[in-house]
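In: Sequence plus predicted model, see below.
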Amino acid sequence: MAWVVFRVLVSCELPATLAAGIATSLGVVLSLLGGTWWRRIWIGAGFPLSLMLSTSVMGLPSLPAWTWLVPLAVLLLIYPVKAWRDAPLFPTPARALDDLPKYAPLPADARILDAGCGTGAGLQALHSAYPHAQLYGLEYAWPLRLLCSLRCPWARVRQGNIWTADWSGYAMVYLFQRPESMGRAVAKGSELPAGAWMVSLEFEATELIAKASYRAPGGKMVWLYEAPFHRRG
Ligand SMILES: C[S@@+](CC[C@H](N)C(=O)[O-])C[C@H]1O[C@@H](n2cnc3c(N)ncnc32)[C@H](O)[C@@H]1O
């Protein structure tokens with residue numbers, strides 16, 4: 001928006017510095033909408049920073065226009081358009097799953113899937129909770145999948161869609177998705193064999209009765225559903 005205002009003011013023959021000042025002020029005012037200080041800083045600083053990089057400052061050559069496509073391409077690789085309605089990357093806090101075996105004890109070589117494993121924080125938390133389990137990760141965005149394989153060499157990580165994958169071979173499927181995805185997860189969870197677990201960090205499957213739930217260190221809730229699921233009502 002700041003760029004549009006800047007361009008319009010310059011085309012109305014306002015001096016560029018005044019136009020830049022007005023556009024920057026607009027960004028700073030709108031930064032008040034940011035929920036955290038970091039967001040406010042990015043919103044407020046975005047226009048002057050990109051203006052500085054786009055014009056030659058202190059004798060440095062300006063960036064050619066196409067370079068702005070590079071961060072866009074990186075963003076699209078990390079968040080493919082198809083995954084937009086699902087969860088963005090948000091890692092499981094370390095030690096959040098330490099108490100999980102108390103509620104869902106599993107045999108030593110049980111197969112556990114982190115559905116949407118991101119960069120591997122969830123797999124690491126599962127590994128410390130169930131050190132002898134066979135851990136699997138599935139991730140839609142391939143740069144995240146690659147990073148996850150590097151961080152979790154003991155897990156079998158592959159690129160794929162959690163909603164089309166087969167869940168029937170797992171003793172536990174761990175999810176940290178979005179509230180909107182929980183209905184889909186409930187339907188998908190019907191593939192789990194009797195006695196297997198669907199575990200969701202933070203987001204409750206409101207149509208089901210949880211077998212257990214607890215507040216993890218760091219404050220997030222952990223919801224446990226044992227197959228076959230019990231529905232409310
Ligand atoms: C909130 S993050 C959780 C990451 C990891 N499970 C953790 O707890 O640290 C959700 C992840 O799910 C991935 N994801 C979202 N939709 C997906 C889908 N349909 N198939 C595979 N991965 C998906 C996202 O790319 C993102 O990395």
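Out: That came in fine, so what should we check first? Numbering: from 1, shown residues only.
In: Let me know the pLDDT of residue 57.
Out: Among the per-residue scores, residue 57 shows a pLDDT of 56.
In: With the one 5 residues further on instead?
Out: pLDDT, residue 62: 69.
In: Which positions in this protein make contact with the ligand?
Out: For the chain, the contact set with the ligand under C-beta under 6 Å from any ligand atom comprises 83, 86-87, 89-92, 114, 116-118, 121-122, 138-141, 144, 161-163, 176-177. To be clear about C-beta, it is placed using only N, CA and C from the backbone, and glycine gets the same treatment.
In: can we see that at 8 Å?
Out: By C-beta under 8 Å from any ligand atom, the residues of the chain that approach the ligand are 78-79, 82-83, 86-92, 114-123, 125, 137-141, 144, 160-163, 165, 174-178, 181, 201.
In: In helices only, show me those.
Out: Counted as lying in helices by DSSP state H, out of the residues of the chain next to the ligand, are 78, 121, 122, 123, 125, 144.
In: Format those residues as TSV; extra columns: neighbour count and pLDDT.
Out: Shown next, in TSV, are these (neighbours: other C-beta atoms under 10 Å; pLDDT from 0 to 100):
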residue	neighbour count	pLDDT
78	17	77
121	21	97
122	28	97
123	25	98
125	24	97
144	22	92
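In: What strand or helix carries residue 158?
Out: For residue 158, the element it lies in under DSSP states H and E is strand 156-159.
In: who does that strand touch, helix- and strand-wise?
Out: strand 134-139, helix 142-151 (3 or more C-beta pairs under 8 Å, 6 or more residues apart in numbering; DSSP states H and E).
In: which one of the ones you listed has the most crowded surroundings?
Out: strand 134-139 (a mean of 23; mean count of other C-beta atoms under 10 Å).
In: With adjacent residues omitted, what lies nearest to the residue of the chain found nearest the ligand?
Out: Nearest residue of the chain to the ligand: residue 116, at 2.4 Å (C-beta to the nearest ligand atom). In space, and not counting its chain neighbours, residue 116 is closest to residue 162: 5.4 Å by C-beta to C-beta, 6 or more residues apart in numbering.
In: so what's residue 175 up against?
Out: Neighbouring residues of residue 175 by C-beta atoms under 8 Å, 6 or more residues apart in numbering: 115, 116, 181, 185, 198, 199, 200, 201, 203.
In: Lowest-confidence one in those residues?
Out: Within the contacts of residue 175, pLDDT is lowest for residue 181, at 92.
In: what about that one, neighbour count?
Out: Residues lying near residue 181 (other C-beta atoms under 10 Å) number 21.
In: Any idea what the closest residue to residue 165 other than its chain neighbours is bridged to?
Out: Using C-beta to C-beta, 6+ apart and skipping residues adjacent in sequence, the residue nearest residue 165 is residue 138, 5.6 Å away. With DSSP bridges applied, residue 138 shows beta-bridge pairing to residue 115, residue 158.
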